[in-house]
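**Q** okay, predicted coordinates and the sequence, questions at the end:
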Amino acid sequence: MDFSEATRALQGIVDGFVRRVPHMVVGLLVFLAFYVAARLVRAFVRRVLGRRSMLHNAGELVGRLGFGLIWLLGLLVALVIAVPGFTPGQLVNVLGLSSVAIGFAFRDILQNFLAGILLLLTQPFRVGDEIITGSFEGTVEEIQARATFLRTYDGRRVVIPNASLFTNPVTVNTALPTRRLEYDVGIGYGDDIAKAKKVMLGVLAALPEAMDEPAPEALVVRLGESSIDIRLRWWVQPPRQFDALHAQDAVLHNLRDALREAGIDTPYPTRQVLWHDQTDEFDGDRMRQREGWPASPEGAPKPQRIVDALRGRVK
């Protein structure tokens with residue numbers, strides 16, 4: 001068999017590759033130069049705009065966009081040098097023919113990228129803020145073009161797509177310098193409400209964790225089954241979760257001792273069970289029967305102890 005033609009074709013490929021090696025080396029060096037320049041530009045933009053906290057996110061966005069544009073330009077220049085007959089117009093034509101397929105394939109990626117740009121520009125929250133979104137709560141570690149990294153309070157990292165943050169409600173706990181806490185405290189029906197309020201507000205006034213302005217409040221919010229519920233509201237600064245939890249711990253610890261010293265009850269839920277022997281002539285008549293109260297010799301309902309009822313002492 002004659003392999004001369006195959007040998008000549010293979011030799012031509014090898015010769016052509018050897019002739020293009022210097023061009024490929026130059027193209028690689030050019031691409032590396034553009035890559036270094038892109039990194040320098042990104043670092044410079046971050047340093048200049050990052051000096052002001054309000055422009056920190058904008059500096060991240062501009063730095064990343066500048067890096068991407070310079071990197072893409074360097075790639076095109078390197079391809080023109082290394083690949084014979086290549087022009088940027090050919091790449092544009094190829095992308096134009098496949099733009100529909102690319103759009104469907106990368107729809108979610110492009111959506112998150114655009115949402116990330118809007119988040120970085122509008123700054124509804126910044127790195128270091130404590131936010132709540134959906135079932136996740138924690139501190140913002142990093143805002144990238146595609147996703148935001150959240151560190152939960154128990155030391156886990158959550159990666160949230162930017163499109164979700166942009167379209168769903170987000171609570172920013174640290175957006176304002178102060179934060180209000182509240183807790184419901186139940187007192188007995190026989191206790192003095194005004195005295196209980198005075199004791200509660202006195203506890204808050206003596207603690208540095210509770211701010212004097214805005215002033216704390218103690219409001220009756222519910223007449224419960226076993227207690228009168230008073231809602232205690234106070235403000236803390238700073239509004240971080242760590243400080244809020246420690247402030248609540250200090251308030252509740254001192255509040256419990258102060259209420260006990262003042263003789264104010266903090267009751268727990270109770271139930272009263274009423275017994276009768278179902279021997280009255282009107283048992284079953286909903287218009288006449290007693291709701292569990294045994295009859296007394298005088299004919300009026302008389303409460304009895306459960307122990308006596310169980311021992312058969314009900315008369």
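**A** Sure, I can see it. Numbering: from 1, shown residues only.
**Q** which other helices and strands does the longest helix along the chain contact?
**A** Using DSSP state H, we find that the single longest helix of the chain is helix 4-49. Here helix 4-49 touches helix 56-82, going by 3 or more CB pairs under 8 Å, 6 or more residues apart in numbering; DSSP states H and E. Any C-beta I mention is one placed from the backbone N, CA and C, and that applies to glycine too.
**Q** average pLDDT for the helix it packs on, rounded please.
**A** Averaging pLDDT along helix 56-82 gives 77.
**Q** and if you look at stretch 113-129?
**A** Per-region confidence: stretch 113-129 scores 85 on mean pLDDT.
**Q** buried sites along it?
**A** Phe113, Ala115, Gly116, Ile117, Leu118, Leu119, Leu120, Phe125, Arg126, Asp129 (16 or more other CB atoms under 10 Å).
**Q** cool, and stretch 259-268?
**A** So for stretch 259-268, counting by 16+ other CB under 10 Å, buried means Leu259, Ile264.
**Q** what is the end-to-end distance of that stretch?
**A** Terminal residues of stretch 259-268 lie 15 Å apart, using CA to CA, to the nearest Å.
**Q** for stretch 186-201, same thing?
**A** OK, stretch 186-201 end separation, CA to CA: 15 Å.
**Q** likewise for stretch 145-164?
**A** End-to-end distance of stretch 145-164 (CA to CA): 13 Å.
**Q** tell me the buried residues in it?
**A** For stretch 145-164, burial by neighbour count (16+ other CB under 10 Å) applies to Ala145, Arg146, Ala147, Thr148, Phe149, Leu150, Val158, Ile160, Pro161, Asn162, Ala163, Ser164.
**Q** run through who's touching it.
**A** Under the contact criterion CB atoms under 8 Å, 6 or more residues apart in numbering, stretch 145-164 has outside partners 61, 64, 108-109, 111-113, 115-117, 119-120, 131, 133-134, 136-144, 165, 241.
**Q** against Ala206, how distant is the closest residue to His23 other than its chain neighbours?
**A** Distance criterion CB to CB, 6 or more residues apart in numbering; nearest residue to His23, sequence neighbours excluded, is Ala82 at 5.3 Å. Going from Ala82 to Ala206 by CB to CB, to the nearest Å gives 76 Å.
**Q** these two - which one has more neighbours?
**A** Comparing Ala82 with Ala206 by other CB atoms under 10 Å, the one with more neighbours is Ala82, at 19 against 10.
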